[in-house]
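J.: coords below, sequence missing:
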C-alpha cells in the first residue's frame, strides 16, 4: 500500500457488507456481527473491525497513522524476538543512514552536561558544523527559533537532521555569549574506525561494522604498516555488531584462506563466508568484553577458531543470529531474524558468547597504561 492512510482505508473497506450491532454496558461493551464472529474472522478482518470501531466510537480524535504503525509493530513484536521489529519510515531512514555509516545533518556529537544542557561534545571532521564555526563545548539553546531546553539528546539530534542542502538555524551559548549559526545540511560520513601507532604496536578500534567500516579499517592497516609496526591490537570492546558482510570483509584482510563464518536459515540452507590467501600476517591480539556482540563475536570467533590471534578480555554478549531488512514502498521496513551464524568450528554462540583465551577484567577501556586488557594484549604479542 502506498501509505498508512490507504492501509486504514483498506481495513475499513474490508468491513463492507458486515452488519454490526453494539450493546453498551456499564464499563464494558459487547460486539457482534451478523455474518462473522471473532472466532472465525481472518486476521485482516479482525484488524479491520478494530480500526473501524475505534474510528467510529472512540471519544477523542486520534492519529490513524499512529494506529497503523502500532498495529504493524505489534505484529512484529508478537514473535517474541527483540531483533525482529517494524520500522516506521523515519526509523527506517535513520537505520539505513547508520548502517551506511553516514548521516544527513550537520555533523555534531552531543551530550548532556551536569546542568542538563545539550552540549556539542565533538565535531566531525569535514562536516558543515566544522566549516560553519561550531565548536566543542557550545551549548545548544534553540533550533530554528524554538527552544530546546528540556529536550533529550536524541530529540535534539533528530531536529538537526533533514534533507541535504536544507538550512538549519542553531542558537548556542559560548562563554555565556549567545550566537546564531545558519548551517546547510549535507551527507556526512561517520568514522567507525580509530587507529594509532603505540611504539611498535598498531592499535585499531572498530566501534561498529557499518557499510564503510571495512574501507576505513583497510586504510588504517595500510597507514600503520607504512609507519612500521610489528603487531596489531584490535579493539572490539563495546562494539554492538552491524553488517555481517563488513565483518567478513575485515576478516578476509586478517585471516588466511579459511572459513570466516557460515549462516543457516530456517530451511537448513547454508551460506559460507570465506577468506582468500592474501592477508595481513602481523601478530594479532583482539580485545572483547560483554558489550562485544553479533558481528564483533563473528570476527573474534573466526580469529580464535582459526588460531590466527589471541582473544583477551571478558565473555562476549552472545548474539549469534542475523537479521534481514525488507523495505516497503511507503519508506517503512521490517527487520526479521532470518539466520543463525556459526563460528568456523560449528559453534553457534547465541546466548553463550565467546570465552576469551585470556580473561582480564577492567573498568578502563582507553588503551592506556591503566587499561589492563590492552596492557595484557601488548604483553602477549611480545613484539
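T.: On my side now, so go ahead. Here the structure is a predicted model, which means the values were calculated and not measured. Numbering: from 1, shown residues only.
J.: Under a three-state scheme, what state does residue 72 occupy?
T.: Using DSSP: H, G, I helix; E, B strand; the rest coil, the structure places residue 72 in helix.
J.: The nearest residue to it once chain neighbours are set aside: how many residues sit nearby?
T.: Nearest non-adjacent residue to residue 72, counting by CB to CB, 6 or more residues apart in numbering: residue 86, 4.3 Å away. No exception for glycine: its C-beta is placed from N, CA and C like everyone else's. Counted with other CB atoms under 10 Å, the neighbours of residue 86 add up to 21.
J.: surely residue 86 meets residue 76?
T.: Yes - between residue 86 and residue 76 a contact is recorded at 4.3 Å, counting by CB atoms under 8 Å.
J.: Could you verify that the residue nearest to residue 72 is part of a strand?
T.: Yes - read with three-state DSSP, residue 86 is one of the residues of a strand.
J.: Next up, the contacts around it.
T.: By CB atoms under 8 Å, 6 or more residues apart in numbering, the contact list for residue 86 reads 69, 72, 73, 75, 76, 332, 333, 334, 335.
J.: buried stuff in the helix or strand hosting the last one?
T.: Under the criterion DSSP states H and E, the helix or strand holding residue 335 is strand 333-342. In terms of neighbour count (16 or more other CB atoms under 10 Å), strand 333-342 has its buried residues at 333, 334, 335, 336, 337, 339, 340, 341, 342.
J.: how much space between the fourth one and residue 324?
T.: Same thing as residue 336. Residue 336 sits 5 Å away from residue 324, going by CB to CB, to the nearest Å.
J.: can you give me the helices in the stretch 151-300 of the chain?
T.: Along the stretch 151-300 of the chain, the segments classed as helices by DSSP state H, counting those that start in this stretch run 153-160, 213-227, 244-254, 295-305.
J.: what's the closest of those to residue 121?
T.: With CB to CB as the criterion, residue 121 lies closest to helix 153-160 of those, at 9.6 Å.
J.: burial count for the nearest residue to residue 233 once chain neighbours are set aside?
T.: Counting by CB to CB, 6+ apart, the nearest residue to residue 233 once its immediate chain neighbours are dropped is residue 377, at 4.7 Å. Applying other CB under 10 Å, we find 29 residues neighbouring residue 377.
J.: does residue 377 count as helix, strand or coil?
T.: Assignment for residue 377 (three-state DSSP): helix.
J.: Pretty sure it sits against residue 285.
T.: Yes - with contacts counted by CB under 8 Å, residue 377 reaches residue 285, the gap being 3.9 Å.
J.: shared neighbours, the two?
T.: 233, 310, 312.
J.: mind checking the backbone torsions on the second one?
T.: Meaning residue 310. Main-chain dihedrals, residue 310, degrees, to the nearest 10: phi -100, psi 130.
J.: Identify the bridge partners of it.
T.: Beta-bridge pairing for residue 310 (DSSP bridges): residue 285.
J.: distance of it from residue 118?
T.: Counting by CB to CB - residue 310 and residue 118 are separated by 42 Å.
J.: Between these two, point out the one with more neighbours.
T.: residue 118 (24 against 18).
J.: what residues are up against that one?
T.: Residue 118 makes contacts with 110, 111, 112, 139, 140, 148, 151, 153, 156, as judged by CB under 8 Å, 6+ apart.
J.: ditto for residue 220
T.: Residue 220 touches 193, 194, 195, 202, 204, counting by CB under 8 Å, 6+ apart.
J.: Just give the closest residue to it, not the sequence neighbours.
T.: residue 195 (3.8 Å).
J.: before we move on, back to that, ok now the strand holding residue 335, how far from the chain's centre?
T.: Here strand 333-342 is found 14 Å from its chain centre; the criterion is CA atoms, centre = their mean, to the nearest Å.
J.: likewise stretch 87-107?
T.: Worked out by CA atoms, centre = their mean, stretch 87-107 lies 10 Å from the chain centre.
J.: just the buried members of the contacts of residue 220?
T.: Buried residues within the contacts of residue 220, counting neighbours by 16+ other CB under 10 Å: 193, 195, 202, 204.
J.: Can you tell me which of those residues end up in strands?
T.: 193, 195, 202, 204 (DSSP state E).
J.: Dig out what the third one forms beta bridges with.
T.: Okay, so that is residue 202. Those that pair with residue 202 in a beta bridge, by DSSP bridges, are residue 197, residue 232.
J.: Am I right that it is in contact with residue 235?
T.: No - using CB under 8 Å as the test, residue 202 is too far from residue 235 to be in contact (11.2 Å).
J.: coming back round to it: would you check which pair of the buried ones among the contacts of residue 220 lies furthest apart?
T.: 193 and 202 (12.0 Å).
J.: still on that earlier bit, could you dump the contacts of residue 118 into JSON lines with neighbour count and distance to residue 170 added?
T.: Formatted as JSON lines, these follow (neighbours: other CB atoms under 10 Å; distance: CB to CB, whole Å):
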{"residue": "110", "neighbour count": "17", "distance to residue 170": "11"}
{"residue": "111", "neighbour count": "11", "distance to residue 170": "16"}
{"residue": "112", "neighbour count": "13", "distance to residue 170": "17"}
{"residue": "139", "neighbour count": "18", "distance to residue 170": "11"}
{"residue": "140", "neighbour count": "23", "distance to residue 170": "6"}
{"residue": "148", "neighbour count": "20", "distance to residue 170": "9"}
{"residue": "151", "neighbour count": "16", "distance to residue 170": "13"}
{"residue": "153", "neighbour count": "15", "distance to residue 170": "15"}
{"residue": "156", "neighbour count": "17", "distance to residue 170": "10"}
